[in-house]
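[1] this one's structure only:
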């Protein structure tokens, strides 16, 4: 899989990648549920992705408590599996 990251601000973590011959454009995010930056707390991981060449399927997924599971990366892997299982449908 290849990644291209560009831009600044909220766009800097957007990616365009090739996955199993399927181009995906996506954006990750993390919601940190805590009162201060110094405090440990729950993190929710988010990922939104679609195929820019054939935008008939868009997936937005959020998973709770990803702080000890790799953050948003665990959500990215789950979304990629959904695209893989459905690549012939869309």
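    Cool, got the structure. Quick caveat: nothing in here was measured; it's all calculated off a predicted structure.
[2] where does residue 76 land in three-state SS?
    helix (DSSP: H, G, I helix; E, B strand; the rest coil).
[3] any idea how far residue 40 is from the closest residue to it other than its chain neighbours?
    Counting by C-beta to C-beta, 6 or more residues apart in numbering, residue 76 lies nearest to residue 47, which is 5.1 Å off, once chain neighbours are set aside. Quick note: C-beta positions are derived from backbone N, CA and C, even for glycine. Taking C-beta to C-beta, to the nearest Å as the measure, residue 47 falls 23 Å from residue 40.
[4] which of those two has more neighbours?
    residue 47 (24 against 8; other C-beta atoms under 10 Å).
[5] quick one, what contacts the more buried one?
    26-29, 59-61, 72, 75-76, 79 (C-beta atoms under 8 Å, 6 or more residues apart in numbering).
[6] where's it, which helix or strand?
    strand 42-50 (DSSP states H and E).
[7] distance from that strand to the middle of the chain?
    5 Å (C-alpha atoms, centre = their mean, to the nearest Å).
[8] repeat that for stretch 26-36.
    12 Å.
[9] what sits closest to residue 82 if chain neighbours are left out?
    Nearest to residue 82 is residue 59, by C-beta to C-beta, 6+ apart, at 5.7 Å.
[10] and the one you found, that's in a strand?
    Yes: assigned with three-state DSSP, residue 59 falls within a strand.
[11] still on that earlier bit, partners of the strand holding residue 47 in the sheet?
    Counting by DSSP bridges, the strands paired with strand 42-50 are strand 22-33 (antiparallel), strand 58-63 (antiparallel).
[12] next, format those as a markdown table and append mean neighbour count, mean pLDDT and distance to residue 85.
    Compiled in a markdown table, the strands paired with strand 42-50 are given as follows (neighbours: other C-beta atoms under 10 Å; pLDDT from 0 to 100; distance: least, C-beta to C-beta, whole Å):
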| stretch | mean neighbour count | mean pLDDT | distance to residue 85 |
| --- | --- | --- | --- |
| strand 22-33 | 16 | 90 | 11 |
| strand 58-63 | 14 | 96 | 11 |
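[13] mind checking the SS state of residue 83?
    helix.
[14] go ahead and flag the most central residue of the protein.
    residue 47 (2.9 Å; C-alpha atoms, centre = their mean).
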